[in-house]
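*Asks:* Here's a sequence, model it:
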Amino acid sequence: MHSAKDYNLLLLCGNLGDGHKQAAYAIAGSARENRSDIITTVIDFAEWTHPHIHVVGSYFYTKWIEKLPSLYGYLFQKTRIDNSLSSALLKKLQIYTLNRLSILLNDVRPSVVVSTFPSAAAAMSMLKANGLITIPTITVITDHTDHSYWIHPQTDLYLVGSEYVRYGLLRQGVPNHKITVTGIPIHSQFSLTYDRQQLREKHYVKQTITTVLIMGGGLGMISRSFLHMLQSDTRLNPIQFIVICGRNKKLQQKLTEQLKNQKHRFIVKGYIDYIHELMALSDMIITKPGGLTTSEAVALELPMILYKPLPGQEQDNAAFLLHAEVALQAKDDKSLLEQLVNTLHDPKMLSTLRMNAKKVRTKKAAYHALTRIMDTHSKFYSNSTNRS
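*Replies:* Got it, this is the predicted structure:
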């Protein structure tokens, strides 16, 4: 029987969007902060199993969604319940993928495997179905979705972000005892309370001006048409926008030049490791509805405007957030400007969005997830001992 001292946690994530990795690292971070006896290993599943093609695959996946969103949305809905298509695609890569995963498992020798990436969850289930492993296998769903690509027969436990997802999994036939609502795992700094005035001083953000954080700036949220409408609109007092470009240095340079001499103040930043502080000092965020970013905003009670959700998991996330009344949605530049004007002119609306966020937030989701992972591990090996 395994003891707490040899508890070895393997987290399998992926590179299609940053959320899968962030969720894995949030759980690993919680283990470091709360349990020194747990060894954590985080592996990019796609990079490990297909080291030569994963970057190309990620690029074409991203371009496919950007250029052909309606096709992606059609296939997403077509396979929401029946995952035979995704199973067929996986089987084409099965032998090589499973061999590479088996090598990893033999090397790490985990006590439990947690997947924050759909294809990793599928591969683990396939190994168990073929009798090649008996390790407890847990899936963390990083969006508010019940899509079939997350659902696999040999998964021991699903950790989900909301009751919304739990009901969806139940409708798809997943037993209730296999589902736990923990919230989507986010880093612990999003669960802290911050002094907004001190943060604004620290980051040279003006104290008295409304501050709007923009994430996902490369996806059209600050297009020329939106800038022109902002410049000519007379209803808004000067606003300071903080625009996050991530690792896209070309975009950062382009926007820095483009956003000079505007009516409103623009602060353009690249990749940063203090997004929690920028969220905490802001009055609102304009963002794509990714599972991790929106969970972080909810934890910090930051009102959201969701911009142009892509068909698929983004639309599922948006549906959840709109139903919870913690966000507004804009379908185009004109709608975005109108939502911005209406909300900033309505302090009661901002207050309501914050209050609703306080009702639905899960402040210690990563810790709750870690606790359930450990519980599942303990029960699994206790049952194994009893059977023997």
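
*Asks:* quick one: contacts of stretch 160-176?
*Replies:* Here stretch 160-176 makes contact (C-beta atoms under 8 Å, 6 or more residues apart in numbering) with 81, 141-146, 148, 151, 158, 179-184, 291, 295, 320, 323, 360, 362, 365. Every C-beta, even on glycine, is put in place using the N, C-alpha and C of the backbone.

*Asks:* Now that stretch: average pLDDT?
*Replies:* Averaging pLDDT along stretch 160-176 yields 95.

*Asks:* ok so, going back, out of the contacts of stretch 160-176, which are buried?
*Replies:* Buried residues within these, defined by neighbour count using 16 or more other C-beta atoms under 10 Å: 141-146, 148, 151, 158, 179-184, 291, 295, 320, 360, 362, 365.

*Asks:* And the helices in the stretch 51-200 of the chain, which stretches?
*Replies:* Using DSSP state H, counting those that start in this stretch, the helices of the stretch 51-200 of the chain run over residues 54-67, 69-78, 84-92, 94-108, 118-129, 163-171, 196-202.

*Asks:* Least confident of the ones you listed, on average?
*Replies:* Least confident of the helices of the stretch 51-200 of the chain, judged by mean pLDDT, is helix 84-92 with a mean of 54.

*Asks:* Which strand residues bridge the closest residue to A121 other than its chain neighbours?
*Replies:* Among residues not flanking A121 along the chain, S115 sits closest, at 3.9 Å (C-beta to C-beta, 6 or more residues apart in numbering). With DSSP bridges as the criterion, S115 is bridged to L12, T139.

*Asks:* I'd say S115 and T137 touch.
*Replies:* Yes. The criterion here is C-beta atoms under 8 Å, and S115 meets it with T137 at 7.2 Å.

*Asks:* Now the common contact residues for the two.
*Replies:* Taking C-beta under 8 Å, 6+ apart as the contact rule, S115 and T137 both touch 121, 124.

*Asks:* what's the residue nearest to A121 in contact with, if anything?
*Replies:* Contacts of S115 (C-beta under 8 Å, 6+ apart): 11-12, 45, 121, 124, 137-140.

*Asks:* Drop anything exposed from those residues.
*Replies:* Burial by neighbour count, judged by 16+ other C-beta under 10 Å, picks out 11-12, 45, 121, 124, 137-140 from the contacts of S115.

*Asks:* can you name the two of these that are farthest apart?
*Replies:* Within the buried ones among the contacts of S115, F45 and I138 form the most distant pair, 14.2 Å apart (C-beta to C-beta).

*Asks:* rewinding a little: mark which of the contacts of stretch 160-176 are part of strands, please.
*Replies:* 158, 179-181 (DSSP state E).

*Asks:* any chance of the buried ones among the contacts of S115 in TSV, with distance to R235 too?
*Replies:* As requested, the buried ones among the contacts of S115 are exported to TSV (distance: C-beta to C-beta, whole Å):
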residue	distance to R235
L11	47
L12	49
F45	48
A121	48
M124	53
T137	54
I138	50
T139	46
V140	43
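
*Asks:* Sort the residues you listed by pLDDT and name the bottom one.
*Replies:* Lowest pLDDT within these is found at F45 (90).

*Asks:* Leaving out the residues flanking it, which one is nearest to that residue?
*Replies:* A120 (3.9 Å).

*Asks:* Would you mind measuring from the one you found to G131?
*Replies:* Separation of A120 from G131 (C-beta to C-beta, to the nearest Å): 19 Å.

*Asks:* okay, these two: which has more neighbours?
*Replies:* Each of A120 and G131 has its neighbours counted (other C-beta atoms under 10 Å); A120 has more, 28 against 7.

*Asks:* so who does that one touch?
*Replies:* A120 sits next to 12-14, 45 when contact means C-beta under 8 Å, 6+ apart.

*Asks:* Tell me, how many residues neighbour D37?
*Replies:* Burial measure for D37: 10 neighbouring residues, criterion other C-beta under 10 Å.

*Asks:* Can you list phi and psi of I184 for me?
*Replies:* Note on I184: its backbone torsions stand at phi -80, psi 130 [degrees, to the nearest 10].
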